[in-house]
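A.B. asks: Give the three-dimensional model of this entry:
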Amino acid sequence: MRISALRGLAFLAVAAGALALRLPSLGDKPMHGDEAIQAAKAARLWETGEAAYDPEGHHGLTLSYLTLPVLALGPARDFAETEEWMYRLVPALAGTLLALLPFLLADGLGFRAAAAAGAFTAVSPAFAYYSRYAIQEVLLVFF
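C.D. replies: Numbering: from 1, shown residues only. Just a heads-up that it's a prediction; the model follows:
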């Protein structure tokens, strides 16, 4: 097998592993307080177009704006019809992309090291756990 094919398979394996640990049953647990605040902010932006940044107590509106397409394309017509998974999808995808970022450093690190870093990030219990919450932290780490 060619080296480029092996590299492609390694990339896909890291992506699949990260998705497998982040996407299943995203809506099965109730939201905690921080998630509920983020969900309410995103829903308000979606329903009214209004968003207010509070420099005293929050990380900003990035998660709210990135959640808009999920809400707009989803089955819900208003906040009452939304489900937890809709608000957790963006952090889960950001956590998956986070596991793929080391591949951008393959020229400097070497492909094996980049693939190992990506694999370790994909299966990291802490990264997988926090990528399944509708909170800003995974986006902050990703960006």
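A.B. asks: Spatially central, which residue of this structure would that be?
C.D. replies: Compute the mean C-alpha point of the chain, and by CA atoms, centre = their mean the closest residue is P91, 2.2 Å away.
A.B. asks: ok, now how distant is it from G108?
C.D. replies: Distance of P91 to G108, computed by CB to CB, to the nearest Å: 28 Å. All C-beta atoms are positioned from the backbone trio N, CA, C, and that covers glycine.
A.B. asks: and L63, what does it touch?
C.D. replies: 38, 41-42, 90-91, 134-136, 139 (CB atoms under 8 Å, 6 or more residues apart in numbering).
A.B. asks: Repeat the analysis, applying 10 Å as the threshold.
C.D. replies: 38-39, 41-42, 87, 90-91, 94, 134-140 (CB atoms under 10 Å, 6 or more residues apart in numbering).
A.B. asks: For the chain, give me the ranges with low pLDDT.
C.D. replies: Low-confidence segments of the chain (pLDDT under 70): 1, 57.
A.B. asks: Would you map the helices across it?
C.D. replies: Secondary structure of the chain, counting by DSSP state H: helices at 3-22, 33-48, 62-73, 84-100, 106-109, 111-123, 125-130, 137-142.
A.B. asks: and D54, which of those is closest to it?
C.D. replies: Among the helices of the chain, the nearest to D54 by CB to CB is helix 33-48 (9.3 Å).
A.B. asks: contacting residues around the closest one?
C.D. replies: Applying CB under 10 Å, 6+ apart, the contact partners of helix 33-48 are 29-31, 50-54, 57-59, 61, 63-72, 74, 76-80, 82, 84, 86-88, 90-91, 133-137.
A.B. asks: filter these to the buried ones?
C.D. replies: For these, a neighbour count by 16 or more other CB atoms under 10 Å gives the buried set as 31, 58, 61, 63-64, 66-67, 70-71, 74, 82, 84, 86-88, 90-91, 133-136.
A.B. asks: Okay then, goodbye and thanks.
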